[in-house]
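Enquirer: here is my input; please provide its structure:
(chains A, B, C and D)
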Protein chains: 4
Amino acid sequence: MIITLKPGTPATEIEKMKNRLEELGVAVNIIQGTSYCVFGLVGDTTKIDPSVIQADRNVESLLRVQDPFKLANRLFHPEDTEILVNESKIGKDTMAIIAGTCSIESEEQILILSKQVKEMGASFLRGDVFKPRSLPYRTISEEEVIDILKLAKHNTGLPLVTEVMSARNIEETSQYADVFTIGSRNMQNFELLKEAGKSGKPVILKRGQSSTFQEFLMAAEYIMAEGNNNVILCERGIRTFETSTRSTFDVSSIPALKKMSHLPVIVDPSHASGAWWMVEPLSKAAAAAGADGLMIEVHNDPSNAKCDGEHSIRPETFGTLIKSLKEIAKINNKYI
Amino acid sequence: MIITLKPGTPATEIEKMKNRLEELGVAVNIIQGTSYCVFGLVGDTTKIDPSVIQADRNVESLLRVQDPFKLANRLFHPEDTEILVNESKIGKDTMAIIAGTCSIESEEQILILSKQVKEMGASFLRGDVFKPRSLPYRTISEEEVIDILKLAKHNTGLPLVTEVMSARNIEETSQYADVFTIGSRNMQNFELLKEAGKSGKPVILKRGQSSTFQEFLMAAEYIMAEGNNNVILCERGIRTFETSTRSTFDVSSIPALKKMSHLPVIVDPSHASGAWWMVEPLSKAAAAAGADGLMIEVHNDPSNAKCDGEHSIRPETFGTLIKSLKEIAKINNKYI
Amino acid sequence: MIITLKPGTPATEIEKMKNRLEELGVAVNIIQGTSYCVFGLVGDTTKIDPSVIQADRNVESLLRVQDPFKLANRLFHPEDTEILVNESKIGKDTMAIIAGTCSIESEEQILILSKQVKEMGASFLRGDVFKPRSLPYRTISEEEVIDILKLAKHNTGLPLVTEVMSARNIEETSQYADVFTIGSRNMQNFELLKEAGKSGKPVILKRGQSSTFQEFLMAAEYIMAEGNNNVILCERGIRTFETSTRSTFDVSSIPALKKMSHLPVIVDPSHASGAWWMVEPLSKAAAAAGADGLMIEVHNDPSNAKCDGEHSIRPETFGTLIKSLKEIAKINNKYI
Amino acid sequence: MIITLKPGTPATEIEKMKNRLEELGVAVNIIQGTSYCVFGLVGDTTKIDPSVIQADRNVESLLRVQDPFKLANRLFHPEDTEILVNESKIGKDTMAIIAGTCSIESEEQILILSKQVKEMGASFLRGDVFKPRSLPYRTISEEEVIDILKLAKHNTGLPLVTEVMSARNIEETSQYADVFTIGSRNMQNFELLKEAGKSGKPVILKRGQSSTFQEFLMAAEYIMAEGNNNVILCERGIRTFETSTRSTFDVSSIPALKKMSHLPVIVDPSHASGAWWMVEPLSKAAAAAGADGLMIEVHNDPSNAKCDGEHSIRPETFGTLIKSLKEIAKINNKYI
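Expert: The predicted model follows:
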């Protein structure tokens, strides 16, 4: 951590600040520049709250040399993390395919769909019980949804991925869910992150729409701080000035996050683009950039889906896509 | 609502879609353009979910003519909303000053500070019990904080404004809090919005860091849909490419939101800028642009505050600022 | 084009505006909504300047149904455009590789490098004579650079791609340059666009750092309006809140632009990321998303390059990358 | 400047890099951290090109302690710059009002308008000869426009402010123009900046739509490097995700730029918002935040203006606004 003091800061104030920082357990190297006095802090600066330093009226600016997260940091864990859920894997040389639909309409629909996507190459089933929005999308009850998802999981033998939005959700779903998803709006819901950490189950953490890579990894750190290292980072688009797509899918997050962290990085091209015709090219792009997995919305009749039809693809399209993805993944020594 | 169909959409599909839309209770005007067939929908389109329309593979694009919110819409409520809390007001010809600190350290500190800011012109006290972050800022317990806030409220007679982050928080604080704040990260926490709506108490809703005006007002609509019209919109900066300030304070939100809605619009220059030396110019700018209020962090010793010292100002600075704000507000026929 | 009038606009004003619009050569359909009177314009609206309409105080808002560009619009030219330069192609089933360096240091260096990249699969040579910045990068004169580029072009037989920043540049380079590049900062330099249009040579137009797809295609339209249809769109990253990469490479621009337009879309992963270690994954992502070409900086000794070394890759890396790109392109039925 | 080396960089490489940096004329302080070796550079780092450092494969990251510009830097010129043009001033305790229209339609129109705005408080006349866009706005010739502007200048005695887009424009207008404006699209047109610098005339430099404060001041530095210190910075809105306004007017640029630089900072609320009803509140906000001036579009009949009518205000509105601005400016000890 580099702290620059205002020009003209009195020597006594410099001394006082130096002592204050040393009390926080770091060594302070002073560099006297032409205009500025600069402190170079050596030691564990992750426990220093920058805003407390910046509150000091003598401080001009504060820069970080090292990322503020430790457990998620590749610097301290050079090896890729691989996460095993039942017999399905994410990370290292596996590219995981998580498929399913938000629009759960009937038992028959989901049983057929889950069988199809499994046969085509999906290694995880996606199915949400709780919906973040209040519009009356569903024609069936939450209990029926749970029963359908349990049956689909049982029939396919695939682990079930489901979104949680509160500590209560975690409790309620823990009996049948294998992987929790934390949505982009909850990326900095620190209570929820901690609860997910305590659950011990693998967590797919989605990047907030306006979150930097560093903030994203800091959020992962909250989960890991509870002893849960099974965190999967998920890029799902960021908000930019371009509004012709729902959000801007940031493909560079894949190499960037993998450089900063050892955690697996997957992507959700469906929600990122909000457009069914973008799912195919964005999925391929993600695979080519080295993604460890993909989360894809598949629906038997998207035009008439109760929700998310606008970014869902048909099972046939999914099947063709997976074939291409297998070839692309192989180029990066990854396998579906 | 304007729906554009893909060129070459068969007449039977156009007819089918027209019927489907009419079943939703709107009249459909068809305009046959040179390249596109366009539907102009007349009636209450706020109940139509655009993504369900966009799921239809024949739909090229969807545009809104009218904002998707009703209760918060100035179109249907031309008069400015004025909110009365005990004897303090927000809206119309009042510019409300909400002052206080996040860094509650001792009873003496808060009692002195709250007395000072009241005398200088504050009409609301700000004090948070729950902290969104886990860093060990506080040296005193939550119970002590509550007791201190109650005492400060009692001594000054000013209404107390406090942040809530969950339904449980609403319950716990409802005995002593007069106004709830919903933070920017929770702007689209729909469960929380509904609970705040049910509480019946005035709610200060902070704009999400990457939320458009329309999304912001849609969030307000969720609170109002529960029968609670006492919503105060609060601009607190948006995320942009400029990173030398914590966020970009969007002063144009004041005239823009007031044109779209009848709700009062206040600003939080402290959190928007994240810099104490910006609080003064941004507060003045907000007042000049017609803001209905300001939320300002004041601390007796910002350099040594346990938190938020970097964007807190001293009581003396606050006093001088208020004098300027009174003059500026008067130019807009508003009074502190 | 959809024009919404303010509620309460008098009938005489509606009539006047209708006449004014009809004089511009479009038919006006009036839809009387519950709150708003809406005009649906049918005909060629590309000649209508929206800001002139919005100047009318009775106008509430203006929405476009159809993109404001015609020549670049896929609606009127469903077939992909293929551009042929000598024996090299861009577009349709060809993925063109444009390789070279900004850091031209000696004849020997460039002759070896250009030979290498050609053998590895490059079909165009990149070499800039004029530098947009004033820092004293170069150790050799502009004249020497020109001679070196001419020789490299002659020896390899590959077409030469060079950046132009003014009408004078176009004139000066027209004898030896085969393709002009217009940089992102000049994307809306309308004089330059027109001059490039008049030149008749193929033009690679780079997307401005904060330009929407629509603005990008409008800029292409300026070139095409001069009778030059050989425009190649180049994505090179947009500015977002994420600052750990130089810009955010928008891979979704590839499918989005190809849906809106028939023009070839290439990408520049070197300048987009500003980081040599990103060039490989981003190039692969672009190829997988269906790009019609790639512009890659290659340098024999990037660590000691006079400029652009931070995002240049070594010839060996380039060679390996091209092998992967060939496989990926093939999946999309494209060939290098 | 702080340079962080990759963990594991060999001692010989560290030594080599240290020598290379010292040759650039700076002293190198080495801080050996727990994970990283960090170089703290002392001396004039403004001549070091960061990208050349970053090209070195051993470099992990580069951070600036000091802003990369010198002449525009308040650190070296603590006093506010005041610019005098004939008898009109900008900077220090003067708030300059620059008024006029882009839509020059007739001699009579402009003579009346310029007389009106002068009487109301304008101290500079704005009038553009060259138009950046090609749409056939004008009904009169460029020569007529020049004659009208000369006459308006002569009659009012006010200095004339006009936009230049090329070196040729500078030459052509230098006889009658008193202040040059460089538009936001040309903010990084380095050739133009240098030519404007050589002209010796005061230059209003508009912030690029996606330019940071630092980039903005670096552009000013280019003008000043030619010996021309009369640079006026102009905020005119930045591009963000919010699209209901043309751009987001960044009011915090006023205190931020004034902290970083001694140059006057003015604003253009007309072009920033693109909406006539925003001009009034944004102008007041700018004055309250301490702006040194305002550039306002005034037109006698905005609804029928040939261009820019959508963000022009009527002379009567302008008159009322100036009265408010005088009161607000006075609070900041500034005078119109």
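Enquirer: neighbours of the closest residue to residue A:216 other than its chain neighbours, how many?
Expert: Leaving aside its chain neighbours, residue A:216 sits nearest to residue A:207 (4.9 Å; criterion: C-beta to C-beta, 6 or more residues apart in numbering or on different chains). C-beta: built from backbone N, CA, C; applies to glycine. Residue neighbour count, defined by other C-beta atoms under 10 Å in any protein chain shown, stands at 27 for residue A:207.
Enquirer: residue A:327 now?
Expert: By other C-beta under 10 Å, neighbour count at residue A:327 equals 16.
Enquirer: could you export whichever strand or helix holds residue A:114 as PDB, CA atoms only?
Expert: Using DSSP states H and E, residue A:114 sits in helix A:107-120. The C-alpha coordinates for helix A:107-120 follow below in PDB (Å, rounded to 0.1, in the frame of the first residue of the first chain):
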ATOM      1  CA  GLU A 107     -43.400 -31.900 -14.400                       C
ATOM      2  CA  GLU A 108     -43.500 -33.400 -17.900                       C
ATOM      3  CA  GLN A 109     -41.800 -30.400 -19.400                       C
ATOM      4  CA  ILE A 110     -38.900 -30.400 -16.900                       C
ATOM      5  CA  LEU A 111     -38.400 -34.100 -17.000                       C
ATOM      6  CA  ILE A 112     -38.100 -34.200 -20.700                       C
ATOM      7  CA  LEU A 113     -35.900 -31.100 -20.900                       C
ATOM      8  CA  SER A 114     -33.500 -32.300 -18.200                       C
ATOM      9  CA  LYS A 115     -33.100 -35.700 -19.800                       C
ATOM     10  CA  GLN A 116     -32.400 -34.000 -23.100                       C
ATOM     11  CA  VAL A 117     -29.800 -31.500 -21.800                       C
ATOM     12  CA  LYS A 118     -28.100 -34.300 -19.900                       C
ATOM     13  CA  GLU A 119     -27.800 -36.500 -23.000                       C
ATOM     14  CA  MET A 120     -26.500 -33.500 -24.900                       C
END
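Enquirer: distance from the helix or strand just after it to the middle of the chain?
Expert: If you walk from helix A:107-120 toward the C-terminus, the next helix or strand you reach (DSSP H and E) is strand A:124-126. Counting by C-alpha atoms, centre = their mean, to the nearest Å, strand A:124-126 is centred 16 Å from the centre of its parent chain.
Enquirer: so the residue nearest to residue A:216 touches residue A:183, yeah?
Expert: No - applying C-beta atoms under 8 Å, one finds residue A:207 not in contact with residue A:183, separated by 10.3 Å.
Enquirer: please report the distance of residue A:279 from chain C.
Expert: Remark: distance between residue A:279 and chain C (C-beta to the nearest C-beta, to the nearest Å) = 10 Å.
Enquirer: helix or strand for that residue, which one?
Expert: Assigned by DSSP H and E, residue A:279 belongs to helix A:276-288.
Enquirer: for that helix, buried residues please.
Expert: Residues of helix A:276-288 classed as buried by neighbour count (16 or more other C-beta atoms under 10 Å in any protein chain shown): A:276, A:278, A:279, A:280, A:281, A:282, A:283, A:284, A:285, A:286, A:287, A:288.
Enquirer: and for stretch A:43-62?
Expert: The neighbour-count check on stretch A:43-62 (16+ other C-beta under 10 Å) flags A:43, A:45-46, A:48-56, A:58-62 as buried.
Enquirer: neighbours around the nearest residue to residue A:71 once chain neighbours are set aside, how many?
Expert: In space, and not counting its chain neighbours, residue A:71 is closest to residue A:224: 4.0 Å by C-beta to C-beta, 6+ apart. Residue A:224 has 20 neighbouring residues, counting by other C-beta under 10 Å.
Enquirer: quick one: residue A:224 and residue A:232 touch, right?
Expert: No - in this structure residue A:224 lies outside contact range of residue A:232 using C-beta under 8 Å: 11.9 Å.
Enquirer: just flag the most distant two among the buried residues of helix A:276-288.
Expert: Within these, A:276 and A:288 form the most distant pair, 20.4 Å apart (C-beta to C-beta).
Enquirer: what are the ranges of the helices in chain A?
Expert: Assigned by DSSP state H, chain A shows helices spanning A:11-23, A:50-54, A:107-120, A:142-156, A:167-173, A:190-199, A:213-224, A:253-260, A:269-273, A:276-288, A:315-331.
Enquirer: tabulate the ones you listed (CSV), appending mean pLDDT.
Expert: Formatted as CSV, these follow (pLDDT from 0 to 100):
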stretch, mean pLDDT
helix A:11-23, 94
helix A:50-54, 90
helix A:107-120, 96
helix A:142-156, 94
helix A:167-173, 92
helix A:190-199, 95
helix A:213-224, 96
helix A:253-260, 98
helix A:269-273, 94
helix A:276-288, 97
helix A:315-331, 98
